[in-house]
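Enquirer: This is a predicted model, with the sequence first.
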Amino acid sequence: VFKMAAGGRNSREDSAWLVSRARESLKSDPHAAKAWLITARTLFPGEFSVQYEAYSVEQAAGNTTGAAKMLYDMFTQFSDEAILQAEVQKMTSALQSDSRDPDIVFYAGMFESLPSSAQRDVLLKSAEKSGNAVDHCRLVLLLLTRFPDTRPEHGVKLVDTLLDTEKRESLPSPVNCYRKLLVCDTIPLVCSSPDIDVSHKQLYRWLQKAMEFYVCFLTQPPAREGSKGPVLSSDKSPLKRQGSVFGGLSRHATIEGLSDKESIVPDPWERLHELMMTIGCRCGWEINMASLQEERSLADKWHCLKDLYNKESEDLEDSSQRKHILYSATFLLYQCVHNYTVAVQPELVTGTPSHNPALVLVEDIRNRPAVKERKSGKPVKKRRKMEAGEERSTSDDETGQRSGRGSANIQMSKTYQVSPEGMASFRTAIDCWKLLHAQHVMEKDFSRLNQHWRTDGWVWLQSFIIDMLLYQGDQQKAVSLLEELLGSCGEKEQADNTQTLLRLSLQLSSCHFCLGNYHRSCELTLDAILQLPAELQHGDSVPTKQQKTDKESRQLLMLSCTEADILPYCVHVLVTCLKRNGLDESEDDMSLGHLIVMLQYDWPSQEELFIKAVEKIVQQGSFTYNIFFNYVINIDMLEEFAFLKTPEGGKINLDLLPVSTTALSRQRTVTRGVNKGVKEDFRLAMERQVMRCSEHVDTLIKKFLTEERDIILQNLL
């Protein structure tokens, strides 16, 4: 040993010899091993292997304080050693873990045993040496969290680093690891420091980033195995699907690049509201104590916002509270739209199948006849399932109905209903939308936000806008947006979005009906029949009475996307349109026949309309409909047509067989019993048809609308 001290041997060999002696003594005599290592560290302070061996011995002995001191000494002297960097990383990683694993607890204890100055030094230098942007941010966040006095110097730098990194990476979605670390972890820490010097412009930029992240986090469906999430960028169709950057959602998404723990965002709306109020206080917003409480009711939030707007509305452009109104109204708008979307189309924002079907808002066309009723006719009073037990007369002022704007009454489906909270969110969202478009300066600010966020690619928001336009009676604008969405969906996307397409078809159909575009309305109605979910709902359900409503006000229906709600609505649209051709002065037997087939669905409440159809046939003296026996199975109708062939019924010339009776009569020998064979064919066909009376009318009507789609549309031209 004395020769070593005198430099008589090679230092590396000597240090290795001392380390080997320490290892040999470790099992039998730990104290001797420590003595050898103390000697080695004293003689060779510049040899990393000696220092690290001593650290390993302290670590194996479970001595957190001793191990921490040695690790920090090496950190200051040999910071470039890879094995040392790995140990430091284990120590800093342990600080971010809740695990009770003994090794993790030991490493965390090592860090806690270091002096504060050493802790700062370790975190700061480790962050500087980190080659991974996310790891760098994690370490700086640890520094800011543990040492608040470092926030003015390093907090704003970290914000800029995250913003620059996200921009450089050109990520497709705001829901990414850099944005999450920025808005959920970094900005709240930085803004909590009273000593930071940041301009209002920069603070508002931070708030925009935060709002975009939280809204997209809550509304962007996750990509799951076998499913796809929607595109959020405006340069692609809102209905096309692609994989998103994370694999799960609903407040605890697994964001790529982050751990499960880091991906958790508890109470997103509340956290966004808190951040908005914190930034607002820094920007001079007039904030009362009530505004600080996110758990207030929607009515309270709206009245508070409305009072602020009324106070500043006269000089809004120069008002110091303009940004306050803009961001508060935008926050409340998107929060309410999110709540409403969850109520009516949960799959749109969760990406997972819902137990309840989606709901769709459509015009109630029962008060909107396609044409004025004939003088001899009366309006239809009832409709199966949809208006069972309710009587209402149609309005004569069709033009006034079409041009009517403002709010409307909404009747809920009897099978699935939107909660009162969901409808309150819908109406509050409309109020916020009106406020944000009440003045040009506010509309311009809001439009700039939406362009920056590319909200025209947010399917859930576009869906709300359509519902809002329907609620306000602006069918023309609704049609423009609906047609754009429908046209942007290719064949593959149509197969993946059957439910979305069903909603679009129904809403377009009701809008075109109200605008007088009956052929297009029927075409879309028949599309909706094809898009009905694969479900069997046979049997005659007992209709339930609906509440009587104000006949003078506009009515909307909130239907569930099920056969029980959609098929009656579609049948009513088609019946109303078919009456235009079938019951007018012209002889259009095909339209009249189609109408008779459809009237079976709502029997016997449609009996009055059937009687009108029979009266027209009697007036004509003949009726040709060669698919009659394919689709007419109602026993009352069959008896009526059988009666029409008798002398008492007028001996009406009925050409109903699949092969024209006119052609048959030409093929037969003309004798005294002319047409006797034809009469026999008719009688046998009627007898066979009576045997089909027990068939399910729902299935029959769906088959008719599917297989005869082309000729139905042709007759509606």
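Expert: Yep, that arrived. Numbering: from 1, shown residues only.

Enquirer: residues of stretch 263-275 that come out buried?
Expert: 263, 265, 268, 269, 271, 272, 273, 275 (16 or more other CB atoms under 10 Å). Yep, even glycine has a C-beta here, placed from its N, CA and C like the rest.

Enquirer: same check, this time on stretch 465-485
Expert: Buried residues in stretch 465-485, counted by 16+ other CB under 10 Å: 465-473, 475, 478-479, 481-482, 485.

Enquirer: Pull up the distance across it, start to finish.
Expert: Terminal residues of stretch 465-485 are spaced 12 Å apart (CA to CA, to the nearest Å).

Enquirer: Quick check: residue 623 is in a strand.
Expert: Yes. Counting by DSSP: H, G, I helix; E, B strand; the rest coil, residue 623 is located in a strand.

Enquirer: out of everything not next to it in sequence, what's closest to it?
Expert: Computed as CB to CB, 6 or more residues apart in numbering, the closest residue to residue 623 that is not its neighbour in sequence is residue 617, at 4.5 Å.

Enquirer: what's the answer for residue 309, then?
Expert: Among residues not flanking residue 309 along the chain, residue 325 sits closest, at 5.4 Å (CB to CB, 6+ apart).

Enquirer: neighbours of that neighbour, just the number please.
Expert: For residue 325, the count of nearby residues is 24 (other CB atoms under 10 Å).

Enquirer: Would you mind giving both backbone torsions of it?
Expert: When read as degrees, to the nearest 10, the backbone of residue 325 gives phi -70, psi -40.

Enquirer: and what of residue 559?
Expert: Main-chain dihedrals, residue 559, degrees, to the nearest 10: phi -100, psi 150.

Enquirer: mind listing the strands in this structure by residue range?
Expert: Taking DSSP state E, the strands of the chain run over residues 229-230, 241-242, 359-363, 409-412, 555-560, 622-624, 653-655.

Enquirer: so of those, which one's packed in deepest?
Expert: A comparison of these by mean neighbour count, using mean count of other CB atoms under 10 Å, puts strand 359-363 on top with a mean of 25.

Enquirer: hmm, back to that, closest to residue 200 out of the buried residues of stretch 263-275?
Expert: residue 275 (15.2 Å; CB to CB).

Enquirer: tell me which of the buried residues of stretch 465-485 is nearest to residue 704?
Expert: Taking CB to CB as the measure, residue 704 lies nearest residue 482 of those, at 26.5 Å.

Enquirer: Quick check: closest non-adjacent residue to the closest one.
Expert: In space, residue 482 is closest to residue 508, 4.7 Å off (CB to CB, 6+ apart).

Enquirer: pLDDT averaged over stretch 200-208 - what is it?
Expert: Average pLDDT, stretch 200-208: 95.

Enquirer: And the helices in the stretch 151-300 of the chain?
Expert: Applying DSSP state H, counting those that start in this stretch to the stretch 151-300 of the chain gives helices spanning 156-169, 177-180, 187-191, 200-219, 260-263, 268-282, 298-312.

Enquirer: what comes up buried for the fourth one?
Expert: This means helix 200-219. For helix 200-219, by 16+ other CB under 10 Å, it's 203-204, 206-219.

Enquirer: Count the neighbours of the residue nearest to residue 65 when sequence neighbours are not counted for me.
Expert: Sequence neighbours aside, residue 113 is the residue nearest to residue 65 in space, at 4.6 Å (criterion: CB to CB, 6+ apart). By the criterion of other CB under 10 Å, residue 113 has 17 neighbours.

Enquirer: ok, now which ones touch residue 113?
Expert: Residues in contact with residue 113, defined by CB atoms under 8 Å, 6 or more residues apart in numbering, are 64, 65, 68, 69.

Enquirer: Can you tell me how far the second one is from residue 643?
Expert: Read that as residue 65. From residue 65 over to residue 643 the distance is 106 Å, taken as CB to CB, to the nearest Å.

Enquirer: and what of the last one?
Expert: When distance is defined by CB to CB, residue 69 is 109 Å away from residue 643.

Enquirer: Between these two, point out the one with more neighbours.
Expert: Shown here are residue 69 and residue 643; by other CB under 10 Å, residue 69 has more neighbours (18 against 13).

Enquirer: Show residues contacting stretch 525-533.
Expert: 357, 498-499, 501-502, 505-506, 509, 561-563, 566-567, 570, 573-574, 702, 705-706, 709, 712-713.

Enquirer: same thing but at 7 Å, please
Expert: The contact list for stretch 525-533 (CB atoms under 7 Å, 6 or more residues apart in numbering) reads 498, 501-502, 505-506, 509, 561-563, 566-567, 570, 573-574, 702, 705-706, 709, 712.

Enquirer: Relative to residue 259, which of the strands of the chain is closest?
Expert: If you check each of these against residue 259 by CB to CB, strand 229-230 wins as the nearest, at 21.2 Å.

Enquirer: What ranges does the stretch 1-150 of the chain have for its helices?
Expert: Using DSSP H, counting those that start in this stretch, the helices of the stretch 1-150 of the chain run over 2-5, 11-28, 30-43, 48-60, 64-77, 82-95, 102-113, 116-129, 133-146.

Enquirer: now those helices in TSV, with mean pLDDT?
Expert: Below are the helices of the stretch 1-150 of the chain laid out as TSV (pLDDT from 0 to 100):
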stretch	mean pLDDT
helix 2-5	46
helix 11-28	60
helix 30-43	66
helix 48-60	77
helix 64-77	88
helix 82-95	89
helix 102-113	92
helix 116-129	92
helix 133-146	93
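
Enquirer: export these to TSV and tack on distance to residue 457?
Expert: What follows is the helices of the stretch 1-150 of the chain, written out as TSV (distance: least, CB to CB, whole Å):
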stretch	distance to residue 457
helix 2-5	73
helix 11-28	63
helix 30-43	63
helix 48-60	53
helix 64-77	48
helix 82-95	38
helix 102-113	43
helix 116-129	36
helix 133-146	27
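
Enquirer: who wins for proximity to residue 651 among these?
Expert: That would be helix 133-146 among the helices of the stretch 1-150 of the chain, by CB to CB, at 88.7 Å.

Enquirer: ok and the closest one relative to helix 156-169, angle-wise?
Expert: Orientation check (axes from the mean of the first three to the mean of the last three CA atoms, to 10 degrees): helix 133-146 against helix 156-169 gives 160 degrees.

Enquirer: Let me see the mean pLDDT of stretch 501-510.
Expert: Stretch 501-510 comes out with an average pLDDT of 92.

Enquirer: Check what contacts that stretch and list those residues.
Expert: With CB under 7 Å, 6+ apart as the test, stretch 501-510 has contacts from 358, 360, 362-363, 365, 466, 470, 478-479, 482-483, 485-486, 489, 494, 521, 524-525, 527-528, 531, 561, 566, 573.
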